[in-house]
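*Asks:* Below is the structure, and that's it, no one-letter string:
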DNA sequence: TTTAGCACTCTCGTGCCGAGAGTGCTAAAA
DNA sequence: TTTTAGCACTCTCGGCACGAGAGTGCTAAA
């Protein structure tokens, strides 16, 4: 794993860079010419032979150039790539866009997905921030004509859930407001367990609504919160590597279908600390579904307030430097947003 | 346009049915054998020649079978197809699913998109119901720590908009509730124009919030409402006709990018009456972007309450009968939902 | 008006060939 | 011992020809 000479590292890095750029298998001679190496193509050939032996490179067939293996990409991302950062003008532009979005969380989410997709030319996913332990803040009951009542539930983290409920018999807005006020006083600042435990005597309507409240809070504690924002799905189709039969389909399904996405996020990101960016190359042996994809994921937010996940899915042949920096940068922006929303 | 003999109609219908099923150009002999026609392949050849002359059929090359032209599909859908309906068990299953979703609008939307995608094996889009002329019903202001205030705005049609606003200086929940109550009294049942016109003296905070209210109502009167639900984008990739370079990409972009979608909906559906289903085959000459797609769209809801749009995008070679009935059926379900939510 | 017969056309799969690219090995040079 | 030049070898890929198969259009008979 570590026994690479400096020259081997250099050649591996060049092969990967060149391949990422051109998409063509890269040969020894090309490498020497393009990057003006001080040693000959024969030497490069020997080294590439060694790297192939070690599993960092592959050759599609006997007489094509070399192509990085998943192992090779991983070594590159982990050891060779170095820490890249987005160019300042790009950062400025992104910040500006977010600035214009005001304080509308929904717009921030959409924008984050859009920026990720655009910058990395890949498909992106962003989940809304939510707290693992949602705390009741406020409830509002609004009469929408007759027996249909709109219930709006606000958590301390700013999350909102809404639901319609049908009553057995009509109730006036007066009565509803009274019920809401009573519940507000009772449950203010409590989490699910405490609400369940609070033994105040309730009338029928209040009991029903309390049940709904508990259910809603439970749901909002779920990993994916309520909303998932996606963008750049069309980029998946641009990538020539996905044009092979079925490749694109699998990739799309992962992003589109909630269960798959949820599984992915649960198993990888939740184990990452908040600042870090997780890179998953070619499924890493565990995920058959993303055999020929790479995923760059990060969590954002603040552990005490609310957290969310965002990430990018693209082909294995992906400009990792740029993608990783973008993901990190956007994650930071969103983290700041979360903190700001809760700041006093 | 009308001068088709009965036999020509029959042959045209059979060609289209067969092609939709198999995806292969259909020849005269196959037609006679499979559908046990009482006349010979030579006769069929003559008729197919005539149909080709008239522009309803095409031949990919001299010696392949015939393939429907866009004109042909249009004739088929308009004149030949007849009114199909979903099988009763299918309907029952769909209704059951919706029943289980309770009264959560968001879940209904997601479910509608999912059902459409699944039944028609194509990509689907559903927009949330909203009223063209949103009317103020209720506002709620909630203090979320310090100077950040959450504003929840409810319209008479049950639509909800939420927004964060930052105040210059901290305010207590008491004060916020008072402001909200005052605004509620003032604006109850008014639309944008009336709110703007109402000349009551307001203090600074109230003025700011009124501005936001107006802006929000304006936005919610926008065609696409706030949320667009999509599903089945992966089906776009399954279709062999989309595997040609770029075909799938264009299709995906139409669904994914708001402006394109908005344009499509504005120009087609808004001119349709509420019960009808609009079928757009191959762009109909106007839409270059969906040259090789067909779109089946419908509006749902109730003109006085709220309306939304839903539809399916797939390849031109699409099982129109099934798709159209599905779209119609789901549209009806959602219409009922809208009415129910407003029922007294 | 319909049908049988037949020549004609076009696609598609297969196999073959030569050009091109890149390798691996060997033997000489540093 | 390491690097390099040289060279034979391997493999892909684009063209091309060829034959099978499918379907048509036309003509002449029923």
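*Replies:* Right, received. Where do you want to start? Predicted, not measured: the structure shown is a model, and the values here were computed from it. Numbering: from 1, shown residues only, chains lettered A, B, ... in the order given.

*Asks:* What residues does residue A:162 make contact with?
*Replies:* A:150-153, B:160 (Cβ atoms under 8 Å, 6 or more residues apart in numbering or on different chains). For the C-beta atoms, the positions are set from N, CA and C on the backbone; glycine is no exception.

*Asks:* Narrow those to just the buried residues.
*Replies:* Using 16 or more other Cβ atoms under 10 Å in any protein chain shown as the burial test, those include A:150-153, B:160 as buried.

*Asks:* out of the residues you listed, which one sits closest to DNA strand D?
*Replies:* Comparing the buried ones among the contacts of residue A:162 against DNA strand D with Cβ to the nearest atom of the strand places residue B:160 closest, at 55.9 Å.

*Asks:* of the buried ones among the contacts of residue A:162, the lowest pLDDT goes to which?
*Replies:* When those are compared by pLDDT, residue B:160 scores lowest at 78.

*Asks:* That one pairs with what?
*Replies:* Beta-bridge pairing for residue B:160 (DSSP bridges): residue B:154.

*Asks:* Now for it: which residues touch it?
*Replies:* Residue B:160 touches A:150, A:152, A:162, B:152-154, counting by Cβ under 8 Å, 6+ apart.

*Asks:* any idea how far it lies from residue B:227?
*Replies:* Going from residue B:160 to residue B:227 by Cβ to Cβ, to the nearest Å gives 11 Å.

*Asks:* and if you look at residue A:52?
*Replies:* Residue A:52 sits 51 Å away from residue B:227, going by Cβ to Cβ.

*Asks:* same question, residue A:63
*Replies:* 54 Å.

*Asks:* So what does residue A:313 look like in phi/psi?
*Replies:* phi -120, psi 130 (degrees, to the nearest 10).

*Asks:* In three-state terms, how would residue A:86 be classified?
*Replies:* coil (DSSP: H, G, I helix; E, B strand; the rest coil).

*Asks:* Give me the pLDDT for it.
*Replies:* On the pLDDT scale, residue A:86 gets 95.

*Asks:* if I pick it, what's in contact with it?
*Replies:* A:94, A:119, A:322, A:325-326, A:329.

*Asks:* Same question for residue A:300.
*Replies:* Counted by Cβ under 8 Å, 6+ apart, residue A:300 has contacts A:129, A:274, A:307-310, A:330-332, A:334-335, A:338.

*Asks:* Report the rounded mean pLDDT for stretch A:299-308.
*Replies:* For stretch A:299-308, the mean per-residue pLDDT is 87.

*Asks:* Okay, now it: how far is its last residue from its first?
*Replies:* 6 Å (Cα to Cα, to the nearest Å).

*Asks:* Which residues belonging to that stretch are considered buried?
*Replies:* Under the neighbour-count criterion of 16+ other Cβ under 10 Å, stretch A:299-308 has A:299-302, A:305-308 buried.

*Asks:* for stretch A:58-71, same thing?
*Replies:* Buried residues in stretch A:58-71 (16+ other Cβ under 10 Å): A:58, A:65-71.

*Asks:* Hmm, which of those is lowest in pLDDT?
*Replies:* Ranking the buried residues of stretch A:58-71 by pLDDT, residue A:65 lands last with 91.

*Asks:* how near is that one to DNA strand C?
*Replies:* The gap separating residue A:65 from DNA strand C is 4 Å, by Cβ to the nearest atom of the strand, to the nearest Å.

*Asks:* got the contact list for that residue?
*Replies:* Residue A:65 touches A:24-28, A:30, A:59, counting by Cβ under 8 Å, 6+ apart.

*Asks:* quick one: strands adjacent to whichever strand or helix holds residue A:230?
*Replies:* In the assignment (DSSP states H and E), residue A:230 maps to strand A:228-231. With DSSP bridges as the test, strand A:228-231 is paired with strand A:123-127 (antiparallel).

*Asks:* who touches the partner strand?
*Replies:* With Cβ under 8 Å, 6+ apart, strand A:123-127 has contacts from A:109, A:112-114, A:116-117, A:224-225, A:227-233, A:235-236, A:251-252, A:255, A:261, A:265, A:308-314, A:334.

*Asks:* In helices, which of those fall?
*Replies:* With helices defined by DSSP state H, the entries of the contacts of strand A:123-127 inside them are A:109, A:112-114, A:116-117, A:233, A:235-236, A:251-252, A:255, A:261, A:265, A:334.

*Asks:* between these, which has the most around it?
*Replies:* residue A:251 (29 neighbours; other Cβ atoms under 10 Å in any protein chain shown).

*Asks:* Taking the contacts of residue A:300, please make a ChimeraX selection of just the buried ones.
*Replies:* The ChimeraX command for the buried members of the contacts of residue A:300 (criterion: 16+ other Cβ under 10 Å) is given here:
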select /A:129,307,308,309,310,330,331,334,335,338
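
*Asks:* Closest one of the contacts of residue A:300 to residue A:285?
*Replies:* Closest approach between those and residue A:285, by Cβ to Cβ: residue A:309, at 22.1 Å.

*Asks:* Any buried residues in stretch A:185-203, and which?
*Replies:* For stretch A:185-203, burial by neighbour count (16+ other Cβ under 10 Å) applies to A:186-187, A:190-192, A:195, A:202.
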